[in-house]
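**Student:** This is a predicted model, with the sequence first.
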Amino acid sequence: SFGNYNVQTQGKGGPIIASLNNPNIESDFLSTFLSASDISQVEHIKPQTTPLMTSFLVNFLNTLVFTSTKINSIPGDFINDGGNLVAEMISNLSERTFSFQSFQLSNSILGASKTTIDNNMSTLTTTPASSRMKNMVHYLMSQGAFLSNIRPEFLLTKNEFLDVVRIQITKKLLGIDYYGAPPISSFDSDLMDEFTSSQSFSAALLPRLKIAEHLFPSISLESWTTVILQVIKLYMFNKISIDSFLSTAGTQEALKKLREKVRSDVYSEINRSTKSLLTSNIFSPVESMLLKWSSLYYCIMNPNDVKVFLDFKDLRDPLVFLALFQAHLSESKRIDIVMNPKKVEDHEKNMKKITDFMNQVHINYCPSTKEILEGNNCMIALIIALLYETLPHFIPSSSLNFNIPLCSRKIQTVSITNPSRYEITYNASIQ
């Protein structure tokens, strides 16, 4: 969910937990839609996915996930491609061959795969398109994705979605919208024709269908955004190991500096144990580790303004990004920003200098100033994860020394290769 919540910690390096007694916590858009007893009750609910989030995801996927394929819109391209783009995402992120057929589950789990909705709506079975989406959702959930609020029809075209909603409304009007209820096909077809042709049925059905049609763009966008983010979380974030945190370039040296600069209780709060990272009820272990990494370098670079970050929204600060860059790249110390910004314009100018620097050092994906300053938690988490995977490579890991007597000549051949996808800078000096 992109909704509001409060986070807190138990202190002394305890896990980050979401407050469960916050009266402002609201159900996410899809859960509200699913839990409504009548669709007319949710006509005015607003989705959490913003145009900024959608634009960010399109650019993020085109830059870091897709290779030969390029998308222009979410959810349009994913709907039109019938789920194949999700399979391509998994294939690219997992670096193994993966096709949509890999989503297929046994008929013993899913039941019949054919779908027919006849003219008088007397029968409802599963359509091929709905079956494809159902297979995909079930597969992703089996891999650990949180998609319990995603229904296959949410991922279909508008007409296919409305066909399913029409059946659901009809069953509700008949009073058979409960678990174990008899199917519509068990009713007398003549009685069903008479009922569905009546004015009272049309008066109850058509307004609800109109609401469903109005809500479809938001339902589709919210559903596909959730699926995309869960795929990224499963196959991109899971590549980051919390066990290798201490072996990440610069980390152990940073922890030594931190111990010297802050009180012991603050040190424990920042340097959370692996157990604490694993037991957060709101963040995954990797997400908790990224907050730990950000807090570590911010406090080292700003010893007079110690902050322990418990939420990604707290990272929408140019000074946080400046601290991360200055801890890893010496040339970033030339970034001239306003250290105590008082106005919104100062924040925007500061962040513009940060994003310009990201372009200069060729970070794989360079977000816009607005995407950082106004981005939601998911966007900031993706940006910080990218920096975590990139910035440690800028810390020199080794050096080659060639000793030669003064005024002598020596020829040395050095072969340099770069097996990574990141640009590497080599510095040579004569002493």
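**Tutor:** Happy to help now that I have it.
**Student:** contacting residues for the closest residue to residue 75 other than its chain neighbours?
**Tutor:** Distances taken as CB to CB, 6 or more residues apart in numbering put residue 224 closest to residue 75, at 3.6 Å, once the chain neighbours are dropped. (C-beta placed from N, C-alpha, C; glycine too.) The contact partners of residue 224, taken as CB atoms under 8 Å, 6 or more residues apart in numbering, are 74, 75, 78, 79, 155.
**Student:** And residue 370, by the same measure?
**Tutor:** For residue 370, the contact set (CB under 8 Å, 6+ apart) comprises residue 52.
**Student:** which SS class is it?
**Tutor:** helix (DSSP: H, G, I helix; E, B strand; the rest coil).
**Student:** what separates it from residue 63, distance-wise?
**Tutor:** Distance from residue 370 to residue 63, counting by CB to CB, to the nearest Å: 17 Å.
**Student:** pLDDT below threshold where in the stretch 251-400 of the chain?
**Tutor:** Where the stretch 251-400 of the chain drops to pLDDT under 70, the residues are 397.
**Student:** who does the closest residue to residue 283 other than its chain neighbours bridge with?
**Tutor:** Distance criterion CB to CB, 6+ apart; nearest residue to residue 283, sequence neighbours excluded, is residue 16 at 5.8 Å. Beta-bridge partners recorded for residue 16 (DSSP bridges): residue 9.
**Student:** Pull the contacting residues for residue 16.
**Tutor:** With CB under 8 Å, 6+ apart, residue 16 has these contacts: 7, 8, 9, 280, 282, 283, 288, 291, 310, 311.
**Student:** could you flag which of those residues are buried?
**Tutor:** 7, 9, 280, 282, 283, 288, 291, 310, 311 (16 or more other CB atoms under 10 Å).
**Student:** Which stretches in the stretch 151-300 of the chain count as strands?
**Tutor:** Remark: no strands are assigned in the stretch 151-300 of the chain by DSSP state E, counting those that start in this stretch.
**Student:** Could I get the full set of helices for it?
**Tutor:** Applying DSSP state H, counting those that start in this stretch to the stretch 151-300 of the chain gives helices spanning 158-174, 189-196, 199-235, 251-261, 264-270, 274-278, 285-301.
**Student:** ok so, going back, I'd like the contacts of residue 224 as JSON lines, with neighbour count appended.
**Tutor:** Listed next are these as JSON lines, based on neighbours: other CB atoms under 10 Å:
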{"residue": "74", "neighbour count": "21"}
{"residue": "75", "neighbour count": "21"}
{"residue": "78", "neighbour count": "22"}
{"residue": "79", "neighbour count": "21"}
{"residue": "155", "neighbour count": "27"}
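**Student:** just the residues you listed now: which is nearest residue 87?
**Tutor:** Nearest to residue 87 among the contacts of residue 224 is residue 78, at 11.0 Å by CB to CB.
**Student:** pLDDT (mean, whole number) over the helix or strand hosting that closest one?
**Tutor:** If you go by DSSP states H and E, residue 78 is part of helix 76-80. Per-residue pLDDT over helix 76-80 has a mean of 96.
**Student:** what does the next helix or strand after that helix rub up against?
**Tutor:** Later in the chain than helix 76-80, the nearest helix or strand by DSSP H and E is helix 84-94. Helix 84-94 is contacted by residues 61, 65-67, 69, 71, 77-78, 97-100, 102-103, 136, 140, 227-228, 231-232, 235-236, 239 when judged by CB under 8 Å, 6+ apart.
**Student:** So which residue is dead centre in this protein?
**Tutor:** residue 229 (3.5 Å; CA atoms, centre = their mean).
**Student:** My guess is that one contacts residue 377. True?
**Tutor:** No: judged on CB atoms under 8 Å, residue 229 makes no contact with residue 377 at a distance of 10.7 Å.
**Student:** does residue 208 really touch residue 40, like I thought?
**Tutor:** Yes: taking CB under 8 Å as the definition, residue 208 is a contact partner of residue 40 at 6.3 Å.
**Student:** The two: which has the busier surroundings?
**Tutor:** residue 208 (19 against 11; other CB atoms under 10 Å).
**Student:** show me what contacts that one?
**Tutor:** Going by CB under 8 Å, 6+ apart, residue 208 touches 38, 39, 40, 165, 169.
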